[in-house]
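Peer 1: sharing a sequence plus its predicted fold:
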Amino acid sequence: MDKKVKIRATLKDGVTTVKALMAHPMETGARKDKSTGELVPAEYIQEIVVTHNESVVLNANWGTGISKNPYLSFKIKGGAEGDTIALTWKDNLGESGSGKTQIKQK
């Protein structure tokens, strides 16, 4: 099931700032469930790909050290109002999420 990513991109002085919020539990596999004492299985985002008009601008490999509901912010040179920024992620269990937005002038 593809999960939604909240994403926005703003352009100012020739630089596009991309901000994204991903809803994900990001479990390390080391935490115990308080009610059962069992280890909570690992569930974490492994790969993130961000594209600008279908060209990859960021490819990140993550592990268990990222917090729950991760927030990602970065800048790229260029971009124009109306260009498309898209983010997709995949986790270690095969789940995925994605979001898409158009660049807006700040």
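Peer 2: Looks like it came in fine.
Peer 1: so what's V50 closest to, chain neighbours aside?
Peer 2: L58 (4.0 Å; C-beta to C-beta, 6 or more residues apart in numbering). All C-beta atoms are positioned from the backbone trio N, CA, C, and that covers glycine.
Peer 1: just Q105 next, same as before
Peer 2: In space, Q105 is closest to E81, 4.8 Å off (C-beta to C-beta, 6+ apart).
Peer 1: quickly list what the closest residue to N61 other than its chain neighbours is bridged to.
Peer 2: In space, and not counting its chain neighbours, N61 is closest to E47: 5.8 Å by C-beta to C-beta, 6+ apart. Under DSSP bridges, the beta-bridge partners of E47 are N61, K90.
Peer 1: ok, K100 next?
Peer 2: Residues in beta-bridge contact with K100 (DSSP bridges): A86.
Peer 1: ok, it to N61 distance?
Peer 2: 22 Å (C-beta to C-beta, to the nearest Å).
Peer 1: between these two, point out the one with more neighbours.
Peer 2: Comparing K100 with N61 by other C-beta atoms under 10 Å, the one with more neighbours is K100, at 13 against 8.
Peer 1: hang on, that one packs against I85?
Peer 2: Yes: with contact defined as C-beta atoms under 8 Å, K100 counts as touching I85 (7.1 Å).
Peer 1: what's around Y44, how many residues?
Peer 2: 20.
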